[in-house]
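Asker: Predicted structure and sequence below. I'll ask about it afterward.
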Amino acid sequence: DGGITQSPKYLFRKEGQNVTLSCEQNLNHDAMYWYRQDPGQGLRLIYYSQIVNDFQKGDIAEGYSVSREKKESFPLTVTSAQKNPTAFYLCAAAERWDTEAFFGQGTRLTVV
Amino acid sequence: KQEVTQIPAALSVPEGENLVLNCSFTDSAIYNLQWFRQDPGKGLTSLLLIQSSQREQTSGRLNASLDKSSGRSTLYIAASQPGDSATYLCAVGTQAGTALIFGKGTTLSVSS
């Protein structure tokens, strides 16, 4: 079954802890993206990667880190430096930056 | 900086109505525009992608148009059904090699 898999679906984190969100795709797409969605705010770009071993900061990268060591994987780490990490996180992939983007089902992170 | 606006924020219609959702963007120099659907608590589902050289795209009961010069796109939904109830988001690709910029969405409710 082709697509983008985000795991886990729900994640709880204690304040001061780092946590990593998984995003895997079997579409063989070069470009991958991480967005954050908050109520009433729309989607905001955290990081994106157009090719393996390269990634760029988005509009709200502070407190987050990523890696792109494999084409199919683009994990996002939410660090303790992120002031307000509770949100819905969405991962996307596209064949190239100017082609149709496809999204995963999201991970809801709650800081307790 | 590119800004994407969707009006109205919410819309309620009876089943069977034809309806139009609006999306406007401030910088007409876009590469493409994509419409998505999001059900509560879920990821985004791609509906239509319009390249900058195109005027419209159709898929089933959906028709999306693009007018770059005026900075507008519309999503036309024919013969609406309760199953169409969801949030509809538009996003534009503005800079080469970067990521989509999203509007905040229009939440549609279709009553039977």
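Answerer: Perfect, I can see it now.
Asker: Mind listing what's buried along whatever helix or strand B:Asn22 lives in?
Answerer: Taking DSSP states H and E as the criterion, B:Asn22 maps to strand B:19-25. For strand B:19-25, the neighbour count (16 or more other CB atoms under 10 Å in any protein chain shown) marks B:Leu19, B:Leu21, B:Cys23, B:Ser24, B:Phe25 as buried. To be clear about C-beta, it is placed using only N, CA and C from the backbone, and glycine gets the same treatment.
Asker: do the same with stretch A:28-38
Answerer: Buried residues in stretch A:28-38 (16+ other CB under 10 Å): A:His29, A:Asp30, A:Ala31, A:Met32, A:Tyr33, A:Trp34, A:Tyr35, A:Arg36, A:Gln37.
Asker: That stretch and chain B, any residue contact?
Answerer: Yes - Stretch A:28-38 is in contact with chain B by CB under 8 Å from any CB of the partner chain, via A:Tyr33, A:Tyr35.
Asker: For that stretch, C-alpha coordinates in PDB please.
Answerer: The C-alpha trace of stretch A:28-38 is given here as PDB (Å, rounded to 0.1, in the frame of the first residue of the first chain):
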ATOM      1  CA  ASN A  28      10.000   7.200  -4.000                       C
ATOM      2  CA  HIS A  29       9.500  11.000  -3.800                       C
ATOM      3  CA  ASP A  30      12.500  13.300  -3.500                       C
ATOM      4  CA  ALA A  31      10.800  16.200  -1.500                       C
ATOM      5  CA  MET A  32       9.500  15.900   2.100                       C
ATOM      6  CA  TYR A  33       8.000  18.400   4.400                       C
ATOM      7  CA  TRP A  34       7.000  18.900   8.000                       C
ATOM      8  CA  TYR A  35       4.100  21.200   9.000                       C
ATOM      9  CA  ARG A  36       2.600  22.100  12.300                       C
ATOM     10  CA  GLN A  37      -1.200  22.800  12.600                       C
ATOM     11  CA  ASP A  38      -2.700  24.700  15.400                       C
END
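Asker: From A:Val78, how far out is A:Asn84?
Answerer: Distance, A:Asn84 to A:Val78, by CB to CB, to the nearest Å: 11 Å.
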